[in-house]
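Novice: Provided below for reference: sequence and predicted model.
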Amino acid sequence: MAVLQSASDRRGFLAGAAGGIALLSGCGNAKDDRTQVVLGDQVHLLQTKLAAAGRLDGTPYAISWGNFPGAAPLLEALNAGAVDTAPAGDLPIILAAAAGCKLKIAAVNKGAGRSMAIIVPRGSPVRSVADLAGRTVIVSSARGSISHYLLLEALREKGLPPSAVKIGYMLPNDAAAAFTTGQIEAWATFGTYQARAEADGARIIRDGTGIGPGYSAITVSDAALADPAKRAAIADFLSRARDANRWCIEHPGEYAQLYARQTGMDPAIAKVIAAREKPGLSVPDGAFVAALQRAADRFHAMYHVLPKRVDVASLIVPDLLKT
């Protein structure tokens, strides 16, 4: 079982920026003279929403997609210039910024706490977070991820220091395979990976409810923002993404069916994911900045995950998603 011990610390993040740049699929071609934008995605989730809502049609720019299994490789691709945008959890974005990634936060969504969780296999003797003491817990996808923060805060909630458990880091696909074959005692994960594991009998011992900050965001590279044509294209894309999220809220059954078809996921699991999501998209506001700053400061001062303090307000681009 390959465990990533520090896949997204400063050296690992920047050195790994050239990795994971494959997985690109295009809607345009070399003869297309329109502005070209490369939109990052995780497990096809954003692309599926836009397709479901019919919001990929008629764009005045050419789109290519870069699909990745988790936030860490996606943000590395953003840093390397392989994608122009990257949807990711709030804390991976902060870790990337601390590592030197040139990005801005353009749109945010307040997620459901139950969309991330610490889970154990069917039949595990572990019944609570306190029972994790002395055991190995795998975090997806990297040091500084939302799953990592969930684990640290859940331990603190029970009066346990991080050293009470042995923490390993694995990309979600690798962790899912190891979890299925009984190689993982406990797994801090999220989203589709969590839903699949639950469908196979995994038990939740603590989800993210009440831990927070619990936002996801769409980030844009500084290089893309500096290009007027790309900036305009990305602003249009964000508007379409907001419309697509609204469509998903209004049509959860249809969205679940399309998601299952496009990803090959079991329809029952897709239905669970659609029910858990509340995929609004809005301009980053003061509440978002304050919540993320509190968590970032804790990651830096208490948990020593961030190499330096990050000023969240300096990462906000407030005028790309129009109100």
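Specialist: Noted; the coordinates are in hand.

Novice: Okay, helices next: where are they in the stretch 101-250 of the chain?
Specialist: 146-157, 172-180, 191-199, 222-226, 228-250 (DSSP state H, counting those that start in this stretch).

Novice: Distance from stretch 107-119 to the middle of the chain?
Specialist: Here stretch 107-119 is found 9 Å from its chain centre; the criterion is Cα atoms, centre = their mean, to the nearest Å.

Novice: Check which residues of that stretch are buried.
Specialist: Within stretch 107-119, the residues scored as buried using 16 or more other Cβ atoms under 10 Å are Ala107, Val108, Asn109, Lys110, Gly111, Gly113, Ser115, Met116, Ala117, Ile118, Ile119. Quick note: C-beta positions are derived from backbone N, CA and C, even for glycine.

Novice: For Gly208, which of the helices of the stretch 101-250 of the chain is the nearest?
Specialist: helix 146-157 (5.3 Å; Cβ to Cβ).

Novice: Against which helices or strands is the closest one packed?
Specialist: helix 90-98, strand 116-120, strand 136-139, strand 166-169, strand 186-190 (3 or more Cβ pairs under 8 Å, 6 or more residues apart in numbering; DSSP states H and E).

Novice: Any idea how many residues pack against the nearest residue to Leu225 once chain neighbours are set aside?
Specialist: Leaving out its chain neighbours, the residue that sits closest to Leu225 by Cβ to Cβ, 6 or more residues apart in numbering is Arg231, at 5.4 Å. Other residues near Arg231 number 19, with proximity taken as other Cβ atoms under 10 Å.

Novice: quick thing: my sequence starts at 512, can you match it?
Specialist: Got it, first residue is 512 now, which makes that one Arg742.

Novice: List of residues touching stretch 612-621?
Specialist: For stretch 612-621, the external contacting residues (Cβ atoms under 8 Å, 6 or more residues apart in numbering) are 524, 586, 589-590, 596-597, 601, 604, 607-608, 725-734, 736, 745, 749, 752-753, 756, 789-795, 799, 826-828, 831-832.

Novice: which regions of this structure sit below the pLDDT cut-off?
Specialist: 512-542 (pLDDT under 70).

Novice: Just want the most central residue of it.
Specialist: Central residue of the chain (Cα atoms, centre = their mean): Ala599, 3.4 Å from the mean position.

Novice: check contacts around it.
Specialist: Contacts of Ala599 by Cβ under 8 Å, 6+ apart are Gln553, Ala582, Leu585, Leu586, Ala607, Ser727, Ala728, Thr730.

Novice: For His555, give its distance to His811.
Specialist: 33 Å (Cβ to Cβ, to the nearest Å).

Novice: So what's the residue count around Asp685?
Specialist: Using other Cβ under 10 Å: Asp685 sits among 18 other residues.

Novice: follow-up on the earlier one: out of the helices and strands packed on helix 657-668, flag the one nearest Ser658.
Specialist: strand 697-701 (3.9 Å).
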